[in-house]
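Participant: Below is the structure, and that's it, no one-letter string:
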């Protein structure tokens, strides 16, 4: 009987991979960087990260001209797929306009109420701070709304009546060196 073979690589096999592979990995920091990049790629492929995070990493590390080529290639790749998806959505929308409107109405109502609550809270904080600049409050409202829209969990909190993110962002802007309106 043959002894059972294990799949445990030897140190020599690891060294061969690190020194003879497509890219040479000369030290532990390089290996950590390569593995970190690979994990971002795998997380993207498995859906636990958004493609935009991978693209941000590529943008940070790639030559700007190469990144531009990547973006153009991605645009060519996405164009027909986006056209098909939009056509399918429009076809569904045409066939089921009333159903779609009914299904989105509660979400839109909640979102509209959240935006109104955010604006009202900014105006309350603005008045409490003793600021009378009416044009400035609109700029601050817009900036705080933009920041909160970019954070799904913050949107959820605001929709549930928790305006602590609005308060925090307002006070951060108030204490910023240039003040609220920058």
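Facilitator: On my side now, so go ahead. Predicted model only: the values in this text are computed from it and were never measured.
Participant: from here on, contacts and neighbour counts on C-alpha atoms
Facilitator: OK.
Participant: where's residue 111 relative to residue 117, distance?
Facilitator: 10 Å (Cα to Cα, to the nearest Å).
Participant: now do residue 7
Facilitator: Distance from residue 7 to residue 117, by Cα to Cα: 60 Å.
Participant: Give me the more crowded residue out of those two.
Facilitator: Shown here are residue 7 and residue 117; by other Cα atoms under 10 Å, residue 117 has more neighbours (18 against 6).
Participant: Let me see the contact set for that one.
Facilitator: Residues in contact with residue 117, defined by Cα atoms under 8 Å, 6 or more residues apart in numbering, are residue 158.
Participant: Return the backbone torsion pair for it.
Facilitator: Phi and psi for residue 117, reported as degrees, to the nearest 10, are phi -60, psi -40.
Participant: pLDDT score assigned to it?
Facilitator: The per-residue pLDDT reported for residue 117 equals 90.
Participant: cool, and residue 122?
Facilitator: 90.
Participant: Chain neighbours aside, what residue packs nearest to it?
Facilitator: residue 141 (6.2 Å; Cα to Cα, 6 or more residues apart in numbering).
Participant: Output the below-cut-off pLDDT ranges for the protein.
Facilitator: Within the chain, the stretches with pLDDT under 70 are 1-6, 93-103, 177-182.
Participant: which stretches of the protein form strands?
Facilitator: Ranges of strands in the chain, per DSSP state E: none exist.
Participant: and it, what are its domains?
Facilitator: 11-93, 103-175 (automatic domain parsing).
Participant: Who are the contact partners of residue 163?
Facilitator: Contacts of residue 163 (Cα under 8 Å, 6+ apart): 118, 121, 157.
Participant: Confirm for me that the first one is in contact with residue 166.
Facilitator: Looking back up the chat, that one is residue 118. Yes. Counting by Cα atoms under 8 Å, residue 118 does reach residue 166; the two are 6.5 Å apart.
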